[in-house]
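Engineer: predicted coordinates and the sequence they were generated for:
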Amino acid sequence: MIKIIVFVFITMFSSISFTGGLTFYPAPEGRPRAGDFRVKVDGKELFVHTCEVAAFTQFSFSGKVPVEIFPSHDVKRVDIRPAHAGIRPVLEDNVICFDLDEPCFLSVELNGEPVRPLYLFADAPETDVPDSSDAGVRFFRAGRIHEAGEIKLMSGERVYVEGGAVLRGNIVAEDAKNIRVSGRGIIDGSVFRNAERKKRIIDLLHCEDVAIEGVLILDSQTWTIVPQFCRNVQIRGIKQVNWQFGSDGVDIVGSSGIVVDGCFLRNNDDCIAVKTWGGREKYPRESVKGPDVFDVRVSHSVFWNMAWGNALEIGFELRADRIHGISFIDCDIIHVERGAAFSIHNGDDAAVEDVRFENIRVEDCRHKLIDLAVFQSQYSVDRPQDPEERRRRYMNGAWDGVLRVPPNEREQASRHRGFIRNVVFRDITVTDGPFPFSIVSGFDPEHAVENVIVEDLAILGTKIRDAAQGRFFVEHTKNIQFK
């Protein structure tokens, strides 16, 4: 009896609602409520948050649940993305209805306009909730907005943001092992909007054995999750709704043994970026090169790339000997507003090799599908040091940040160029939107893009059998195969 009373007390205090297999997360006082959507799950009304680019709501469930969405404006068409989720809504009397029988992260878009979607974040039930009195746990309880500022994690520590809590601040760790950030609450980066120096939401340096799970990150002002010179980092079930310029989703810098799985990332820059450089004591910038990047797997995730950056990117800064063993598997790219869906931009002298993009569905790619290139950029080690000279050489066009190399300097620039080779694109489908173009371009014959296999690429229902049919621009390449 005592245990039951304590459990009820905690439930009431935390504002979390449990109904059968459902868990709801009411928002703390002070969180703005969306005025253009109402949502019911199994007949229970959820709190719908609002932000500058979307409405969103969260819950956890098991079994099968009915969902009802009540938009405030007239609806004639409903798109629920990713389409691969197979949700077939019924629209009747301006109410959108469907059932869910497994956890998923969805974008509900109305009347063919993805300007202000409703994001539905339906998680599986949590299985590892710490006790707030556990040693090493920083527990942020539901029902409150926590003005946390910067939280520094030490080895063996954990930040837990309970569903229904909002943590305003960021998390940093250096030379730490066995650390964790988890929960179903919100980490809000808007606190840094007017800061003199923008802060990364989860910033890890020289860390090992890290787990980042479940939290929703909102309104990041710069790069969001950054494992820098780290090993063995698991990033699972993360949701991001970011729209500020430069708000990369996950930047994997000089790190290895990285898993990104089951996430939903909306970013106004690269959703995923893999890169490396020298820096921060163990790899000083004056040494130029940083550690190799390898054993990186991104899977079962949904991406929305806004006007800046690319969806799945390797580059631009690749200051190492090798970037290798990188795979992107079984993902959905629901929007690419300006950049490329798949890109390797080698602006330095690394050998980028053994990269796989496999079983990926692209629903809306408005310009570039595949972009593989070796070039000099404004981020390259050998770029002109004078800012005015860089501006004069800046090339507007297919690539952002690329510099024009005068003919009399190409031989010198060639010494700092690297390679792209052994890249596989397999089972890639573009299902909607305009027909995109692609680029495969080396710097010169000695720094070519080599051994690229494009197998089972379908664009708008057409199987692509050669470069011309797929609208590929190809230059300084060796052994590009279409199968």
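Structural biologist: Here it is on my side, so go on. This structure is a prediction, so every number in the text was calculated from the model and none was measured. Numbering: from 1, shown residues only.
Engineer: from here on, just use CA atoms for contacts and neighbour counts.
Structural biologist: Noted.
Engineer: show me where this structure has its helices.
Structural biologist: Taking DSSP state H, the helices of the chain run over residues 2-14, 387-393, 410-414.
Engineer: biggest strand in this structure by residues?
Structural biologist: strand 322-336 (DSSP state E).
Engineer: check contacts around F264.
Structural biologist: 105, 237-240, 301-303 (C-alpha atoms under 8 Å, 6 or more residues apart in numbering).
Engineer: restricted to strands, list those residues.
Structural biologist: Per DSSP E, these map to strands at 105, 239-240, 302-303.
Engineer: which of those count as buried?
Structural biologist: Among these, those classed as buried by 16 or more other C-alpha atoms under 10 Å are 105, 239-240, 302-303.
Engineer: nearest to D330 among the residues you listed?
Structural biologist: Proximity of those to D330 (C-alpha to C-alpha) peaks at V302, which lies at 9.5 Å.
Engineer: now the closest one, which residues is it bridged with?
Structural biologist: Here V302 shows beta-bridge partners F264, D332, assigned using DSSP bridges.
Engineer: pretty sure it is touching D261, no?
Structural biologist: No: here V302 lies out of contact with D261, judged by C-alpha atoms under 8 Å, at a distance of 9.6 Å.
Engineer: counting contacts, what elements does the longest strand of the chain pack onto?
Structural biologist: The contact analysis (3 or more C-alpha pairs under 8 Å, 6 or more residues apart in numbering; DSSP states H and E) places strand 322-336 against strand 293-299, strand 302-305, strand 351-362.
Engineer: most tightly surrounded among these?
Structural biologist: Mean neighbour count (mean count of other C-alpha atoms under 10 Å) peaks for strand 302-305 among these, with a mean of 28.
Engineer: what does that strand contact?
Structural biologist: Strand 302-305 is contacted by residues 82, 105, 262-271, 311, 331-337, 339 when judged by C-alpha under 8 Å, 6+ apart.
Engineer: so what's E353 bridging to?
Structural biologist: H324, R421.
Engineer: typo on my end, it should be E358
Structural biologist: I329, R426.
Engineer: how much space between it and G470?
Structural biologist: Distance, E358 to G470, by C-alpha to C-alpha, to the nearest Å: 17 Å.
Engineer: for S220, same thing?
Structural biologist: 36 Å.
Engineer: the two: which is more packed in?
Structural biologist: Between S220 and G470, counting by other C-alpha atoms under 10 Å, S220 is the more crowded of the two (32 against 20).
Engineer: and that one, what does it touch?
Structural biologist: So S220 contacts 188-190, 200-201, 242-244, 247 (C-alpha under 8 Å, 6+ apart).
Engineer: V172 too?
Structural biologist: Contact analysis of V172 by C-alpha under 8 Å, 6+ apart lists 150-153, 201-204.
Engineer: which of the residues you listed fall within strands?
Structural biologist: Checking those against DSSP E, those in strands are 150-153, 202-204.
Engineer: so, low pLDDT: which residues of the stretch 201-350 of the chain?
Structural biologist: Scanning the stretch 201-350 of the chain for pLDDT under 70 picks out 279-287.
Engineer: pLDDT score assigned to the closest residue to V129 other than its chain neighbours?
Structural biologist: In this structure, V129 finds its nearest non-sequential neighbour in G183, 7.7 Å apart by C-alpha to C-alpha, 6 or more residues apart in numbering. As predicted, G183 sits at a pLDDT of 98.
Engineer: wouldn't G183 be in contact with V161 here?
Structural biologist: Yes: assessed by C-alpha under 8 Å, G183 is found in contact with V161 at 4.7 Å.
Engineer: got any residues that touch both of those two?
Structural biologist: V215.
Engineer: K199 and F192 touch, don't they?
Structural biologist: Yes: taking contacts as C-alpha under 8 Å, K199 lies within contact range of F192: 6.7 Å.
Engineer: intersection of neighbour lists for those two?
Structural biologist: Here K199 and F192 share the contacting residues Q221, scored by C-alpha under 8 Å, 6+ apart.
Engineer: ok, G246 - contacts?
Structural biologist: 221-223, 268-270, 308.
Engineer: can you pick the most crowded of these?
Structural biologist: D270 (31 neighbours).
Engineer: tell me which residues touch K199, please.
Structural biologist: Counting by C-alpha under 8 Å, 6+ apart, the residues that K199 touches are 170, 192, 221-223.
Engineer: out of these, who's nearest P387?
Structural biologist: Of the contacts of K199, the one sitting nearest to P387 (C-alpha to C-alpha) turns out to be T222, at 22.4 Å.
Engineer: now the closest one: how far from N94?
Structural biologist: Distance from T222 to N94, by C-alpha to C-alpha: 38 Å.
Engineer: got it, and V424?
Structural biologist: Counting by C-alpha to C-alpha - V424 and N94 are separated by 45 Å.
Engineer: who has more neighbours out of those two?
Structural biologist: Shown here are V424 and N94; by other C-alpha under 10 Å, V424 has more neighbours (19 against 15).
Engineer: doesn't R356 make contact with the more buried one?
Structural biologist: Yes: checked against C-alpha under 8 Å, the pair V424 and R356 is within contact range at 4.9 Å.
Engineer: show me this protein divided up by domain.
Structural biologist: 32-123, 223-482 (automatic domain parsing).
Engineer: most packed of these?
Structural biologist: Burial among those, expressed as mean neighbours by mean count of other C-alpha under 10 Å, is greatest for domain 223-482, which shows a mean of 21.
Engineer: how long is stretch 167-184 end to end?
Structural biologist: End to end - C-alpha to C-alpha - stretch 167-184 spans 11 Å.
Engineer: show me the contacts for H367.
Structural biologist: Taking C-alpha under 8 Å, 6+ apart, we find H367 in contact with 337-340, 434-437.
Engineer: let's see which of those end up in strands.
Structural biologist: Applying DSSP E to the contacts of H367, the entries found in strands are 340, 437.
Engineer: could you dump the contacts of H367 to a markdown table with distance to R31?
Structural biologist: Shown next, in a markdown table, are the contacts of H367 (distance: C-alpha to C-alpha, whole Å):
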| residue | distance to R31 |
| --- | --- |
| E337 | 29 |
| R338 | 32 |
| G339 | 33 |
| A340 | 35 |
| P434 | 38 |
| F435 | 41 |
| P436 | 40 |
| F437 | 42 |
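Engineer: looking at the contacts of H367, which one is closest to R33?
Structural biologist: E337 (27.3 Å).
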